[in-house]
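# Dropping the sequence and predicted coords here.
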Amino acid sequence: MSLDYLITILKPMLEGAQTTILLFILAIVVSIPFGFLLTLAVRSSIKPLSWLAQAYIYIMRGTPLLLQLLIITFGLPMIPVIGEYLILDRFVAACLGFILNYAAYFAEIFRGGLLAIDKGQYEAAKVLGLSKWQTTIKIVLPQMFRIALPSVANESVTLVKDTALLYAVAVPELLHFAQTAVNRDFTIVPFFVAGVIYLLMTVVLTLFFKWLEKRFKFE
């Protein structure tokens, strides 16, 4: 194994890593607020809305992410009559699958964070004359975020690793280029290189969340 060979395989793999990072960013940015909305829906006094949100979370958490990706990418276009209107770009379909799946997990994390807040906090806010909106923004959300942050960090690291599932729906990401190099050169070195890249991404993400935890712990 030479340095020239490493440079040769590293270039396309880094290009694939860009796709991996882009998917991660899009999934996190959309699924976290969507997950919080699901949490609010579950806690809603409107029973049909609460039941619908609970059913959604149960289905998305109870079925494999890979199956969901396959259904969105290849299954939806096969639906009679409307299937032709549901054909999505592979990357867009993958983003949609990750967002819908991880929103359900984040919803449960946020629900746990809300349940961990002492009911006395709400009573104290009421005594102080704060409205429900002020109580939510100034008291509930900051505490929920601190409580949920470690779990959000763990789920985010899992998301980075789950992006390897893009390979199954033919999106050219990091693992795709690693597999291509392995098949072409009859060596497993590209797999080790891919592993190092995934590891570096998770290390950076872990350090970022540790910094966030320290910052919000002492504020």
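Now that the structure is in, tell me what you want to look at.
# what about Asn101, how many neighbours?
Asn101 sits with 22 neighbouring residues when counted by other CB atoms under 10 Å. Every residue, glycine included, has its C-beta placed from N, CA and C.
# Skipping adjacent residues, who's closest to it in space?
With sequence-adjacent residues excluded and distances taken as CB to CB, 6 or more residues apart in numbering, Asn101 is closest to Leu65, at 4.9 Å.
# Am I right that the one you found is in contact with Ala104?
No - Leu65 is not in contact with Ala104 according to CB atoms under 8 Å; the separation is 10.3 Å.
# one step back: any figure for the gap between the residue nearest to Asn101 and Pro150?
Counting by CB to CB, to the nearest Å, the gap from Leu65 to Pro150 is 22 Å.
# For the two, work out which one has more neighbours and name it.
Leu65 (19 against 14).
# Next one: that one from Tyr102, what distance?
8 Å.
# what's the answer for Pro12, then?
Distance, Pro12 to Tyr102, by CB to CB: 27 Å.
# quick one: which of the two has more around it?
Remark: of Pro12 and Tyr102, Tyr102 carries more neighbours, 24 against 17, as counted by other CB under 10 Å.
# Read off the pLDDT value for Lys217.
Note on Lys217: pLDDT of 67.
# Let the chain start at 3 from now.
Fine by me, first position is 3 from now on; the one you just mentioned is Lys219.
# what's the next secondary structure element after the helix or strand containing Leu68?
Element membership for Leu68, per DSSP states H and E: helix 67-72. The element immediately downstream of helix 67-72 (helix or strand, assigned by DSSP H and E) is helix 92-117.
# What's the mean pLDDT across that following helix?
93.
# which of the residues in that helix are buried?
If you call a residue buried by 16 or more other CB atoms under 10 Å, then helix 92-117 has these buried ones: 93, 95-113, 115-116.
# Following element in sequence after it, please.
Next helix or strand after helix 92-117 toward the C-terminus (DSSP H and E): helix 121-129.
# elements contacting that next one?
helix 134-137 (3 or more CB pairs under 8 Å, 6 or more residues apart in numbering; DSSP states H and E).
# Buried ones in the helix it packs on, by neighbour count?
Under the neighbour-count criterion of 16+ other CB under 10 Å, helix 134-137 has Thr137 buried.
# Around Ala166, how many other residues sit close by?
Neighbours of Ala166 using other CB under 10 Å come to 16.
# Contacts only, for it.
Contacts of Ala166 were listed using CB atoms under 8 Å, 6 or more residues apart in numbering, and they are Glu175, Leu176, Leu177, Tyr200.
# Give me the three-state assignment for the third one.
Here Leu177 is helix, with the state taken from DSSP: H, G, I helix; E, B strand; the rest coil.
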